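sequence unknown, structure follows:
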């Protein structure tokens, strides 16, 4: 996976943010003696070829960090011991390409295609179903490649460790695997050498898809331009027009240079013993090697500019967004600290958040509130992925003539901060965010801390210092106390007077895709024009050889696997209590909450009209940003961020476990705060529940336009999700409601709504929604809190409920389920083509099946895993070159097929349609091991770790009790081949067109010809 294409998420993969915002639950149980080998690790002690260089207690996260160095190779190892059962292991290499052929990215894919110890095709993908891993992946950043996994099972940990180590240090790197994963020339019809040659490959299509998102284009170009001198000046993931210049020999050479132990770093985290990992690593992979200076991978600091620079690029026109004259973006970026300077980098992050976070920040006031743009670009923020960190402010949805205006505002805002400083309450809110984030607990702390440390350690930064967040905060507070102008001086030095500044602008081009296609055609011509007939025959035969290998039966017996005995028979049951407080039903989940109160509520929406239901997503976005009767929006935001982690509202469709099409519509509200601030949290919710006065129409218009601008971001990156939603909506009433509130139909609805400019009338309807749903008899709640403080917290909640509106109507949670409707054809399958201006497709087919409480639901989950691993993955990814594809069963009871970044469209739908025939031929051939693997794949999701803040939530949100879940687990375990045959015949052998639907998101071209598909009824959605 190319890490840069995570877009805005990339901002959060930083040492501090990941640690602060993803802290996990450290299990409060006694660790088995054999698991705790901490006592042997002292500074200077040598064990299994490693010397302990540092041991550091990190009290804020209840962990012990152990830093080791291998004596022979100088490979470094960081172990983070924490009483957490979700253990992590990762291998990291510094990979610094000098061109844009995608060398490190294609190598990342290819090393996972087979190794010396495990010479089978794609052991990585095969292990996905032989494991109970809570995470398995590999990632290529701009200057590193990292291979992480996590699991709660010790045997699984050792198995995956062996797979990952052998893959990275002893890969086979076969030419055919390079052709499959990287690129190859192949005939349009692989069976006919006379048909034209085209370019195919998994990474090739992945990167075409990645750059179909304008924000990815902008972000990549920004990095290339502001850091032009070394590896950041190229595209590590690969430019689709450059990838075909990469050779197999280049790949093998790059592996030899960069995947040496002396250029490697290792992580482990959790409560498993460290010594066995060190012994195995040293004995098998490190001891045969000697130290080799990795100077060739070192990334030097960027030479700083003496004057700002300015560049302009073109991107795609996006039909779902603003008119073309406003589809421009402008960003101003500054090169800041070297990320190996731990305090300076922390300081830059803190100041960056002060500058841009929330309506009380200087740049929000100066750039967003004036309402001449679509708000901040997703690239806005502080990026610590590169050796020299980057601060970026960007505005989207601007006119070209406003480019210079934005730059002027940037300068004047910094001048104002230098002159007047920051508001004290705003500083307090950012510090509070850090405080509560340290205490907040999630399921993935180990994984996130590893990913957060990767960039810093990649450049030999002090990772032990980076972990000690409290010391960094204390130093910051001390500096601010000693110098009242401390932050102003920092802004002046690093931001205002910074001459290493890039101004980058981007404008849409309606012919962008046409030009890209012409460049691709020219590339193919260049690659093929000098090929003689003999050369073409060689290409043809190589591709036939690849097809043969792709269909050959593999000896997977050599791969390690878990057994059914490794799966727990019992679900976790937490202590919970059901009470009614002032007529409000309350579920109290008693957990170790680490001093935090977690509050959740459901507000029924059955009383809303259909038009009001459509407005719910917008309502949830704006209602806590408009201000209240007593607090303006800035005052409300300030109090919220100083006392809580924020107040969240979102539409919720709780599908019935017992009846297809039925669901419970509601608004899900949630917040959490430190126990000392619980009364302030209730004050904030009370303010929202009691909004009665007219709200600011101008502010509402601004928020609505921001909502729309953000809504259309990421459609191409998440195209398969949108395709699956749209396809499911064609067959399921509950899925249709989800599509209306969060899919492509919602985007179209919002675009039409904004086009009417009836902001005053819409705001009145928003306030009517608040009056209907913000009532006590419309509310049911859940708390995740520590038992010792339960009584005190419940008293404050009881007081809260006396101050919110109440109506004389019957409580809506007693009559909360509705039946959704779908329109279906009687003689053809309902199909939709959503036209997007992108170079790849996202395909989906949906089949209506059974609700959760039926045995068939468990059987279909297993069937979906079997199909994904044995049929869809080989067909769609290996043969077709799509980046991904598979099948899954949704909570609505819809079996949904999908492909991701797919070069084909209608042919992929044919692959989906062929599922029944494939199963008829192959279910009887399914081995007991393949059946086990499918079940293991299901249990990865069923038994995923749940943090304290989320325990009991399935019961609250979906009424999924532990007893129902226990029965479902037993039904999964009991699935056999006969059960798979039954559901295959019952659901996939049924030709009723009303029970299936198909959707394609992708370009409109001559290849998309549906005239020869009489059993399908196609509707084209232009999205204009």
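Everything's here; your move. All of these numbers come straight from a predicted model, not from anything done at the bench. Residues are numbered from 1 along each chain as shown.

helix or strand next in line after the biggest strand by length in the chain, which one?
Secondary structure of the chain per DSSP state E: the longest strand is strand 662-674. For strand 662-674, the following helix or strand on the C-terminal side (DSSP states H and E) is helix 678-689.

can you give me the buried ones in that next one?
678, 681-689 (16 or more other CB atoms under 10 Å). Where C-beta positions appear, they are placed from N, C-alpha and C, glycine not excepted.

let's have those in TSV, adding pLDDT and distance to residue 822.
Conversion of the buried residues of helix 678-689 to TSV gives the following (pLDDT from 0 to 100; distance: CB to CB, whole Å):
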residue	pLDDT	distance to residue 822
678	97	44
681	98	40
682	98	41
683	98	43
684	98	39
685	98	36
686	97	40
687	97	39
688	97	34
689	97	35
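
and which of the residues you listed is nearest residue 899?
For those, the residue nearest residue 899 by CB to CB is residue 688; the value is 42.0 Å.

quick check: the gap between the closest one and residue 681.
Residue 688 is 11 Å from residue 681, where distance means CB to CB, to the nearest Å.

residue 215 contacts residue 713, doesn't it?
Yes: under the criterion of CB atoms under 8 Å, residue 215 makes contact with residue 713 at 6.3 Å.

which non-adjacent residue is nearest residue 312?
Using CB to CB, 6 or more residues apart in numbering and skipping the chain neighbours, the partner closest in space to residue 312 is residue 505 (4.8 Å).

ignore what I typed, I meant residue 431.
residue 473 (7.2 Å).

the one you found contacts residue 434, doesn't it?
Yes: using CB under 8 Å, residue 473 is in contact with residue 434, at 6.1 Å.

residue 576 belongs to a strand?
Yes: looking at residue 576 with DSSP: H, G, I helix; E, B strand; the rest coil, it is inside a strand.

excluding chain neighbours, what is closest to it?
Residue 576 sits nearest to residue 589 (CB to CB, 6+ apart), 5.0 Å away.

quick one: strands adjacent to the helix or strand hosting that neighbour?
Taking DSSP H and E as the definition, residue 589 sits inside strand 584-590. When pairing is defined by DSSP bridges, strand 584-590 lines up against strand 575-581 (antiparallel), strand 779-785 (parallel).

burial-wise, tell me which of those comes out on top.
strand 779-785 (a mean of 23; mean count of other CB atoms under 10 Å).

can you give me the angle the very next helix or strand once past it makes with strand 575-581?
For strand 779-785, the following helix or strand on the C-terminal side (DSSP H and E) is helix 790-801. Orientation check (axes from the mean of the first three to the mean of the last three CA atoms, to 10 degrees): helix 790-801 against strand 575-581 gives 30 degrees.

give the other helices and strands that helix 790-801 contacts.
strand 575-581, strand 584-590, helix 678-689, strand 779-785 (3 or more CB pairs under 8 Å, 6 or more residues apart in numbering; DSSP states H and E).

quick revisit: how far off centre is the strand holding residue 589?
31 Å (CA atoms, centre = their mean, to the nearest Å).

same thing with stretch 273-282?
32 Å.

try stretch 305-321
With CA atoms, centre = their mean, you get 25 Å for stretch 305-321.

may I see the buried residues of it?
Here stretch 305-321 shows 313, 315-318, 320-321 as buried, counting by 16+ other CB under 10 Å.

so which strand or helix has the residue nearest to residue 431?
Going by DSSP H and E, residue 473 is part of helix 469-482.

quick one: contacts of that helix?
Here helix 469-482 makes contact (CB atoms under 8 Å, 6 or more residues apart in numbering) with 16, 19-20, 59-60, 342-343, 346-347, 350, 427, 431, 434, 438, 465, 486-487.

tell me the helix or strand right after it.
Following helix 469-482 in sequence, per DSSP H and E, is helix 486-490.

what does the helix or strand just after that following helix contact?
Counting by DSSP H and E, the element after helix 486-490 in chain order, helix or strand, is strand 501-509. Applying CB under 8 Å, 6+ apart, the contact partners of strand 501-509 are 214, 217-218, 221-222, 225-226, 305, 308-318, 324, 327-334, 400, 403, 407, 515.
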